[in-house]
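Enquirer: Pasting the sequence and the predicted coordinates here, then a few questions.
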Amino acid sequence: MTDQFETLAVHAGAEPDEISGGVSPSIQMSATFRQDAVGKPRRGFEYGRSGNPTRQALERAIAALEGGTHGLAYASGLAATQNLLYLLEPGDRLILSDDAYGGTWRLASKVWSRYGVKTDCVDLCDHDALAAALSEGPPARMVWIETPTNPLLKVVDIAAVVDMAASAGALTVVDSTFATPFIQRPLELGADVVLHSATKYLSGHSDVISGLLATRRDDLEEKLRFHQNAAGAVPSPFDSWLVMRGMRTLAVRMERASSNAAAIADWLTGRAEVSRVYYPGLPDHRQRELVQRQMRLPGAMLSFELAAGEPAARRLVETTRLFTLAESLGAVESLIELPAAMTHLSATGSPLAVPAGLVRLSVGIEAVEDLIADLEGALRASST
Ligand SMILES: Cc1ncc(COP(=O)(O)O)c(C=O)c1O
């Protein structure tokens, strides 16, 4: 019998310690490992960059939660992104979602362009636009989905994009940071690799920077593993342990945060100060049917615009008490930000530029009445 997600989240990679029986996994800090003979490491571990038992436990855990066969851990979400981009060659083309994390765009357009990789931004909800992009220009080797998109919360049909990309000979990567494996499972929909900024929901407490990949493809794992060691952007054993500890409560945190976000999105739609709310759980969301088919819950990220425009939005994000003005997302505490001036500043003037007055919320697990009261006070104060 296969365990349910909630059970896997608690147990995957968290075997009791073999020596002490400790039920919290041990942190193995050693940077190097004794060999029984020349070239004969004891349990496959020889040097901490190439492999470490604590990191391996985390890698097994993300593989299990994503329904993959391989997991790989990195020092940040962007280090995991970088590792995936090593799969490309000069002359290749990357097709990137036109609404995505600004740092992914920065890495592709400002760094990889120097090595002959071209990036085209496409609205992946528009399948005609994707078909055109796949058939034009140099070979499109990789399609990079981020869903729900950041920060406009569009939802991309993973299975449909995978089909189109595969027919054109391109790999499909899904940045599933906003959704987590509790909400959506891209590998089951045919994606080649799923990526997480584990800094966010997987660790869940704003206390670690980390990135994860999972795949079912042995050939990709071999290449990714080579580059993980060759480039060396691996998480420390302690960071690996922190991410694993967070993952054990993922299911309960996501349920609570998502139900808080749904209540807040609903409340915001009824406010005169608010002109538009973006949230996959709203009945008028553009991809309502897809949300219900692809996602277990609508998630805990939402964004909105104010009728009074950008100056009021700036005042709002500087006025809330419980919603902390900060970049990042996905932790127990609620955060608020202005993407155009913060997380997506590097996308200014690019195809990924976001509306100047857009406010993004990462809804946490506090009491929803307190969160709404906080927003209500700040909306009143900022929109007058
Ligand atoms: C959707 C998404 N992907 C990737 C990243 C990059 O992750 P990290 O900050 O851990 O490098 C972020 C960071 O905000 C993100 O929001």
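Expert: Nice, thanks for sending it over.
Enquirer: Going by C-alpha atoms from here, please, whenever you check contacts or count neighbours.
Expert: Fine.
Enquirer: Can you tell me whether I have it right that Pro151 is in a helix?
Expert: No - Pro151: not assigned to a helix; according to DSSP: H, G, I helix; E, B strand; the rest coil it is coil.
Enquirer: Hmm, it is touching Gly102, no?
Expert: No - in this structure Pro151 lies outside contact range of Gly102 using CA atoms under 8 Å: 9.7 Å.
Enquirer: Between those two, point out the one with more neighbours.
Expert: The neighbour comparison of Pro151 against Gly102 (other CA atoms under 10 Å) goes to Pro151, with 29 against 23.
Enquirer: residues contacting that one?
Expert: Neighbouring residues of Pro151 by CA atoms under 8 Å, 6 or more residues apart in numbering: 99-101, 302-303, 339, 354, 360.
Enquirer: TSV for those, including secondary structure, pLDDT and distance to the ligand?
Expert: Converted to TSV, the contacts of Pro151 look like this (DSSP: H, G, I helix; E, B strand; the rest coil; pLDDT from 0 to 100; distance: CA to the nearest ligand atom, whole Å):
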residue	secondary structure	pLDDT	distance to the ligand
Asp99	coil	90	10
Ala100	coil	90	7
Tyr101	coil	92	5
Leu302	strand	98	13
Ser303	strand	98	14
Pro339	helix	96	11
Val354	coil	91	14
Arg360	strand	98	12
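Enquirer: for stretch 111-126, how far is the first residue from the last?
Expert: 27 Å (CA to CA, to the nearest Å).
Enquirer: Hmm, I typed the wrong one, I wanted stretch 246-254.
Expert: Using CA to CA, the end-to-end distance of stretch 246-254 comes to 12 Å.
Enquirer: Next, the buried residues of that stretch.
Expert: 246-251, 253-254 (16 or more other CA atoms under 10 Å).
Enquirer: Now, the residues you listed that are in helices?
Expert: 246-247, 250-251, 253-254 (DSSP state H).
Enquirer: With respect to Val332, which of those residues is nearest?
Expert: Arg253 (7.4 Å; CA to CA).
Enquirer: From the ligand, how far out is that closest one?
Expert: 18 Å (CA to the nearest ligand atom, to the nearest Å).
Enquirer: what's the burial count for His285?
Expert: 17.
Enquirer: swap in Val161?
Expert: Neighbours of Val161 using other CA under 10 Å come to 24.
Enquirer: Helix or strand: which one has it?
Expert: Assigned by DSSP states H and E, Val161 belongs to helix 158-167.
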